[in-house]
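>>> Just to be clear, the model below is a prediction. Sequence and coordinates:
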Amino acid sequence: MSFNLKTQQFSIDYFQKLSNLCANFLVSDQQNCPLSIAQGIDIAAHLIQEQNYKQQKAIFIGNGGSASIASHQATDFWRNGKIKAIAFNDSALLTCVSNDFGYEQVFSKPIEMFAQPGDILFAISSSGQSDNILAGVRQALEMGCHVITLSAFQADNPLRNLGDLNFYVPTMSYGLAEIAHLSICHCIIDAVIEETKTNLAGANRLTRNESQLALSSQL
């Protein structure tokens, strides 16, 4: 078997770029104050937990590859994280809203119908400039939802300034941006799952200790 050295070097460089990119994610809050990626994940995870206790839900929107991330994460959030979550990617919904209201409103209209104050919108866009994503975010904010954005490409893209929490990936590559966005979402829900396990273990220990104390007092 022969190997193409050029292809091998490309793959080595590709994954090195991805590794370097993961070390250079940029996160900011609503006031555009910088946060570390660890702080951003922590804030997002705790917000999701808090709103989940209040019976709120997560909503995911995105186009193209970002739509796939939206569907993937909506499923992971409710299946693995026990968080109520939806994505508006049904073909009938997309074609109906696009036909009746225009594609710019393809997310804002279902958000207007299904979102409630306190819900969390994840707005995913590599360019950060998609009109339908920006319209969806504005509708969510108008309704009192929390907004988490994930963008890439130009550092001054408009989406990056609209969220309560903004994750920015400094790359012009669709593939690298989408991989990074997916990894950030996975990290958030995995952090929620881990925290839930820790809290449950602590609660179980407390219950056992209380039971032992009650038993001792009866002896």
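Noted; the coordinates are in hand.
>>> how about the strands in the chain?
Ranges of strands within the chain are 26-29, 34-35, 58-62, 85-87, 120-125, 146-151, 165-168, based on DSSP state E.
>>> Tell me how far the most centrally placed residue in the chain lies from residue 138.
Nearest to the mean C-alpha position of the chain, by C-alpha atoms, centre = their mean, lies residue 185 at 4.3 Å. When distance is defined by C-beta to C-beta, to the nearest Å, residue 185 is 22 Å away from residue 138. The C-beta positions use only the backbone N, C-alpha and C, and glycine is treated the same way.
>>> just to revisit the earlier point, put together CSV for the strands of the chain, with distance to residue 1, mean neighbour count and mean pLDDT on each row.
Shown next, in CSV, are the strands of the chain (distance: least, C-beta to C-beta, whole Å; neighbours: other C-beta atoms under 10 Å; pLDDT from 0 to 100):
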stretch, distance to residue 1, mean neighbour count, mean pLDDT
strand 26-29, 42, 18, 98
strand 34-35, 48, 14, 98
strand 58-62, 39, 28, 98
strand 85-87, 42, 23, 98
strand 120-125, 40, 28, 98
strand 146-151, 40, 26, 98
strand 165-168, 41, 24, 98
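>>> would you turn the ones you listed into CSV with distance to residue 43?
Below are those laid out as CSV (distance: least, C-beta to C-beta, whole Å):
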stretch, distance to residue 43
strand 26-29, 8
strand 34-35, 7
strand 58-62, 15
strand 85-87, 18
strand 120-125, 12
strand 146-151, 9
strand 165-168, 6
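>>> which stretch among those comes nearest residue 174?
With C-beta to C-beta as the measure, strand 120-125 is the member of the strands of the chain nearest residue 174 (11.1 Å).
>>> Contacts for that closest one next, please.
Strand 120-125 is contacted by residues 47-48, 51, 56-63, 66, 69-70, 73, 111, 115, 133, 136-137, 140, 145-151, 157, 159, 162-163, 181, 185 when judged by C-beta atoms under 8 Å, 6 or more residues apart in numbering.
>>> Kindly export stretch 186-203 (C-alpha atoms) in CSV.
Extracted in CSV, the C-alpha atoms of stretch 186-203 (Å, rounded to 0.1, in the frame of the first residue of the first chain):
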residue,chain,number,x,y,z
HIS,A,186,-21.2,18.8,24.0
CYS,A,187,-19.0,20.3,26.7
ILE,A,188,-21.9,22.3,28.1
ILE,A,189,-24.4,19.4,28.3
ASP,A,190,-21.7,17.0,29.6
ALA,A,191,-20.9,19.6,32.3
VAL,A,192,-24.6,19.7,33.2
ILE,A,193,-24.8,15.8,33.3
GLU,A,194,-21.6,15.6,35.5
GLU,A,195,-22.9,18.3,37.9
THR,A,196,-26.2,16.4,38.2
LYS,A,197,-24.4,13.2,39.0
THR,A,198,-22.4,14.9,41.7
ASN,A,199,-25.4,16.5,43.2
LEU,A,200,-27.3,13.2,43.2
ALA,A,201,-24.4,11.4,44.8
GLY,A,202,-24.2,14.1,47.5
ALA,A,203,-28.0,13.8,48.1
